[in-house]
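Enquirer: 3D, please:
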Amino acid sequence: INKDSFVFKIMKEPLIIINNNSNNSKSLIAHLGSLKIPYYLSNHYTLTAKELNERVLQGYRTFIICGGDGALHRFINEVMKLPIIIRKEISIGIVPSGRANDLARYMGIPLEFNRALELAMKGKTKNIDLIKVNKNYVVTGGGLGLPTETIQEIDSLSKRIIGNLLKKRLGEFIYFLYTLKKFIFGYRGVEIKYDKMQSYEELMAIYFLNQPFIGKRFNLAPGAKNNDGYFEIKRIKKTNNIFTNLRVLSLGIKGRLSELPIVVEDKTKKIVIRTNKEIYFMGDGELFDQNNNFEISIVPKAIKVIC
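Expert: As a prediction, the model looks like this:
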């Protein structure tokens, strides 16, 4: 086999990347082994920047991510560091094996890994937008305030052996339980200002959404689309009334947040948010960029997803 035909062959084959920490990684490894399909097993959710560059130089242009929204978040952020001429050639397949699998659900990708794998190998690509938050990229959605507090507590739980087992046992239901806990026992919220606001506004949360739901259960923006060149904003004013809090939770699941007077909605391409202190941003279930200034913008048709 000459060098040119070898490179051409590699470019036609996808690289399958399995997050070793995902929920059904063992079953997926066994399935691929039975089919004699090669894969790359990662203990770091996905490829590192160095590993991705090496694979791109080898000729790979299609990558199948076997993991959840967190693994996709990390992989896509590495892809966005590539030169744009290379980035445009990259296609991303998804075999969902996380807790919520929000992007896969929205894109209509099967949750059964054998069907998802078949689609990832043979499906067509669709260009989708990303939300850029300072130097990071978000695929599904995220925010400040309550979502940050919830993920911080869940991440803290994972550091204990019993807590990590409980987290795996509960799956995506853990997001609901910890949100409910916050509503009952209290939350800090977030103080923000933007545009020409002179004073900070106290909020329960502010969300930036590229699709209708996050955390599987929370249908916060029923009209949001990840290919329209906009992201939706939901500002929820802070309240200490437990019944109002529970109503926020109930209507947030049902896709009816707009019925509440404490909810303010918007749709835009860019916004700059300032907070009264440095806090983390939560995006795709991941915490990043502890800051008090967030430049948030849409990046139209930034990546290609196989669906």
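Enquirer: could you pull up the residues touching I29?
Expert: I18, Y39, L41 (C-beta atoms under 8 Å, 6 or more residues apart in numbering). C-betas here are computed from N, CA, C, even on glycine.
Enquirer: what remains of those if I keep only buried residues?
Expert: Neighbour-count burial (16 or more other C-beta atoms under 10 Å) applied to the contacts of I29 gives I18, Y39.
Enquirer: go through whichever strand or helix holds Q290 and flag the buried ones.
Expert: Assigned by DSSP states H and E, Q290 belongs to strand 286-306. Within strand 286-306, the residues that qualify as buried are 286-288, 291, 294, 296, 298-299, 302-306, counting by 16+ other C-beta under 10 Å.
Enquirer: go on, stretch 265-272?
Expert: The neighbour-count check on stretch 265-272 (16+ other C-beta under 10 Å) flags I271 as buried.
Enquirer: repeat that for stretch 87-104.
Expert: For stretch 87-104, by 16+ other C-beta under 10 Å, it's 90-104.
Enquirer: closest to G68 among these?
Expert: Ranked by distance to G68 (C-beta to C-beta), the buried residues of stretch 87-104 are led by G98 at 1.4 Å.
Enquirer: which SS class is that closest one?
Expert: Counting by DSSP: H, G, I helix; E, B strand; the rest coil, the backbone at G98 sits in coil.
Enquirer: next up, the contacts around it.
Expert: G98 sits in contact with S22, N23, G67, G68, D69, G70, A71, G285, where contact means C-beta under 8 Å, 6+ apart.
Enquirer: could you rerun that using 6 Å?
Expert: By C-beta atoms under 6 Å, 6 or more residues apart in numbering, the residues touching G98 are G67, G68, D69.
Enquirer: contacts for the strand holding Q290?
Expert: 70, 73, 91-93, 120, 123, 125-130, 132-134, 136, 151, 208, 229, 231, 269-275, 278, 280-281.
Enquirer: mind checking which of these are in strands?
Expert: Of those, the ones assigned to strands by DSSP state E are 91-93, 125-130, 132-133, 136, 208, 231, 270-275, 278, 280-281.
Enquirer: how far away is F288 from H44?
Expert: According to C-beta to C-beta, to the nearest Å, F288 and H44 sit 15 Å apart.
Enquirer: before we move on, what about L257?
Expert: Note on L257: its distance to H44, by C-beta to C-beta, is 36 Å.
Enquirer: looking at these two, which is more packed in?
Expert: L257 (23 against 12; other C-beta atoms under 10 Å).
Enquirer: show me the contacts for that one.
Expert: Going by C-beta under 6 Å, 6+ apart, L257 touches L220, L251, V263.
Enquirer: mind listing what S97 touches?
Expert: By C-beta under 6 Å, 6+ apart, S97 lies in contact with S22, N23, N24, C66, G67.
Enquirer: dump the residue contacts of the third one.
Expert: This points to N24. Contacts for N24 (C-beta under 6 Å, 6+ apart) come out as S97.
Enquirer: repeat for the last one
Expert: With contact taken as C-beta under 6 Å, 6+ apart, G67 is in contact with N19, S22, S97, G98.
Enquirer: and the gap between the closest residue to the last one other than its chain neighbours and D284?
Expert: Same thing as G98. Using C-beta to C-beta, 6 or more residues apart in numbering and skipping residues adjacent in sequence, the residue nearest G98 is G68, 1.4 Å away. In this view, G68 and D284 are 9 Å apart by C-beta to C-beta.
Enquirer: also K122?
Expert: From K122 to D284 the distance is 26 Å (C-beta to C-beta).
Enquirer: which one of these two is surrounded by more residues?
Expert: Taking other C-beta under 10 Å, K122 and D284 do not tie; D284 has more neighbours (28 against 9).
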